[in-house]
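> Task: produce atomic coordinates for the following.
(chains A and B)
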Amino acid sequence: MAYKIGLVLDEERLKLIKGTELEKEIKDLFGGTLKMIEVEVTEEQAKILMQLFPRVRIDARGFVEETPVAFRKALYRSLINHRSKKDALEAILKDDKLLNEIKEMASKEDEYIPPP
Amino acid sequence: MKLIINNPPPYGGKLVNNIDKKEQELKGSPVYDIKPEIDRKSGAPIRNVYREIMSICYGFFSPLDRFMTKEDVDSVLKYRRLPDGYIFPFPIIFDADKEKIKSMQLKEGDRLYLRLKGKPFAYIDVDEMWDFDPADLAVKTFGTPEKNSDALKKPLDEKHPGFSIYRNMSGFAIAGKVFIINEPKFKDPYSRFWYPPERSREEFLRRKWRTVIAHQTRNVPHTGHEHLMKEAAFMGDVEPCRGILVNAIVGAKRIGDFVDEAILEGHEAVNKYGYIKPERHMVSFTLWDMRYGAPLESLLHGIIRQNMGCTHHMFGRDHAAAGDYFDPYSTQELWINGLPSYGFDAPPYDVEKGLEIRPVNMQEFFYCPRCNEITYSETCGHSEAQRFSGSFVRGLIAEGVKPPSVIFRPEVYSAIVKWWRVFGYPFVNKKYLMQKEDELEVEVG
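Modelled structure (predicted):
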């Protein structure tokens, strides 16, 4: 079964996607008040994510939720670099060094997230 | 069923008021310090029995006025009723350190004084001291999929927070009537929302609320919750309910929950900024470490809110559940047809010595891009629902994205940010959990 990760796009993130082939993948949510790109996740990839980050879970909509902020930021950067949703996730999951960095940052996220 | 519903009587006919202002802690009397119950595996605090003392003594659990004897617990586990026939879904047990109690040479008939945060707080007139097996109690409290196939999908285990509360008890119980001798003062912001049943009933009368619908919450309200409250209130009798009572359950938290302070002030923002008229909406809380018993929990919610003076209660899909142990519709089934395996061949308002409060079973509100508005799952005919998933909303907040007002009212989001600045984190984390259970919601004078 395939799942999804929803990457929310604020204005900064939108700027780097506009004009690329990813632009047509942008979805409107809640009457266009939110923009999102959905990255498909295989069953195996979902299992890996749940092992890496114990709080990750699949919600009723089939979305992989509760991924660390550091992971979602890395996924966005990978998306911009690879211009392909499939390659973006695969690249992160293959990069042990990056994954360790994300895990390190994620462990600090449990203690402090700067307020807006 | 009567057409016109009026403020219902307290459950059992009389509100318990176990506040003994005359009693002083006696020097030389046996004294026991209340400590939080700790999960042996994780080391996290999962319950503080002071919350049960508060809820008993201020009448939230009426007619229950005591910590249960073995006979009480046997009756609750077998029939979900107290020995006098009134419904009660959970064992309420004062479990203590047996060695400490032994060293005090406490015996039945004695008065045991209880200290909270080192200060005199309450006493129990000891009727009985008895041993139990916490593992057995945990299983019997919730039941099994074999015995309770109308509600349970799989056996509960220690991942379930309510099961864990019973499983981690000491195995030694002190039973008897409990009285508060020194009323604690709630800290800010809790003090604004403290409406024990006697006070909430007075407030309903002052507001001329003849019918009141209760909204159970452990969440900061998104607009889906707001619509749920507005629409459910349309149930009533000859008119929609006059009032909406938000009653948050304040107790031990789980990692990732919203913090209690933001939950209360988030709901307050709904009426303060007019999304629901303040004349029709008020926010309150009950102290209770939730057992997440879905239909069983809904019975306790019915008791608490009837005691507070409510005539109706909203029950959504998966009411008061954690994980996927219970059938998500088991609570609604209980309130429509009953759940025979728990002793209810009919709904709780249609049995002997039943509750007066009436259910309003609700489904889901979501955003429909075709309707271009928030719609109700049972009336919207489109199939492109955009749901207010709690984890999705938490993800947005953690990423620093301000949720659009179609999801969160800006003033509700401001309440989250206010407490985020105080605690350095928008949700419950380990630090908040430990600090909350160490400091509690109250000061004891």
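
> all helices of chain A, in order?
A:11-17, A:43-52, A:69-82, A:85-94, A:96-109 (DSSP state H).

> And the fourth one, what's buried?
In this case it means helix A:85-94. Under the neighbour-count criterion of 16 or more other Cβ atoms under 10 Å in any protein chain shown, helix A:85-94 has A:Lys85, A:Ala88, A:Leu89, A:Ala91, A:Ile92, A:Leu93 buried. Placement of C-beta: from N, CA and C, glycine included.

> tell me the contacts of the closest residue to A:Tyr3 other than its chain neighbours?
Distances taken as Cβ to Cβ, 6 or more residues apart in numbering or on different chains put A:Val41 closest to A:Tyr3, at 4.3 Å, once the chain neighbours are dropped. Contacts for A:Val41 (Cβ atoms under 8 Å, 6 or more residues apart in numbering or on different chains) come out as A:Ala2, A:Tyr3, A:Lys4, A:Ile5, A:Leu49, A:Val64, A:Leu89.

> rewinding a little: using TSV, please lay out the helices of chain A together with distance to chain B and mean pLDDT.
Output for the helices of chain A, formatted as TSV (distance: least, Cβ to the nearest Cβ, whole Å; pLDDT from 0 to 100):
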stretch	distance to chain B	mean pLDDT
helix A:11-17	10	88
helix A:43-52	14	95
helix A:69-82	5	94
helix A:85-94	16	95
helix A:96-109	8	92
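
> I'd like those helices laid out as TSV, including distance to A:Leu34.
Output for those, formatted as TSV (distance: least, Cβ to Cβ, whole Å):
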stretch	distance to A:Leu34
helix A:11-17	11
helix A:43-52	23
helix A:69-82	14
helix A:85-94	18
helix A:96-109	22
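
> among those, which is the most enclosed?
helix A:69-82 (a mean of 18; mean count of other Cβ atoms under 10 Å in any protein chain shown).

> hey, C-alpha coordinates of it in CSV?
The C-alpha coordinates for helix A:69-82 follow below in CSV (Å, rounded to 0.1, in the frame of the first residue of the first chain):
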residue,chain,number,x,y,z
VAL,A,69,10.6,19.1,11.3
ALA,A,70,14.2,18.5,10.4
PHE,A,71,13.2,15.6,8.2
ARG,A,72,10.5,17.6,6.4
LYS,A,73,13.0,20.4,5.8
ALA,A,74,15.5,18.0,4.4
LEU,A,75,12.8,16.4,2.2
TYR,A,76,11.9,19.8,0.9
ARG,A,77,15.6,20.6,0.1
SER,A,78,16.0,17.2,-1.6
LEU,A,79,12.9,17.9,-3.6
ILE,A,80,14.3,21.2,-4.9
ASN,A,81,17.6,19.5,-5.7
HIS,A,82,16.2,16.5,-7.5
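
> For A:Met36, give its distance to chain B.
10 Å (Cβ to the nearest Cβ, to the nearest Å).

> burial measure for that residue, as a count.
18 (other Cβ atoms under 10 Å in any protein chain shown).

> mind listing what the most centrally placed residue in chain A touches?
Compute the mean C-alpha point of chain A, and by Cα atoms, centre = their mean the closest residue is A:Arg72, 3.7 Å away. Applying Cβ under 8 Å, 6+ apart, we find A:Arg72 in contact with A:Ile5, A:Leu7, B:Gly395, B:Glu399.

> Give me the buried subset of these.
Restricting the contacts of A:Arg72 to buried positions leaves A:Ile5, A:Leu7, B:Gly395, with burial counted as 16+ other Cβ under 10 Å.

> closest to B:Pro91 among those residues?
Of all the buried ones among the contacts of A:Arg72, B:Gly395 has the smallest distance to B:Pro91: 37.4 Å, by Cβ to Cβ.

> hang on, isn't the closest one packed against A:Glu66?
Yes. Judged on Cβ atoms under 8 Å, B:Gly395 makes contact with A:Glu66 at a distance of 7.1 Å.

> Now for the contacts of A:Arg72: which two are most distant?
Farthest pair in these, by Cβ to Cβ: A:Ile5 and B:Glu399, 12.4 Å.
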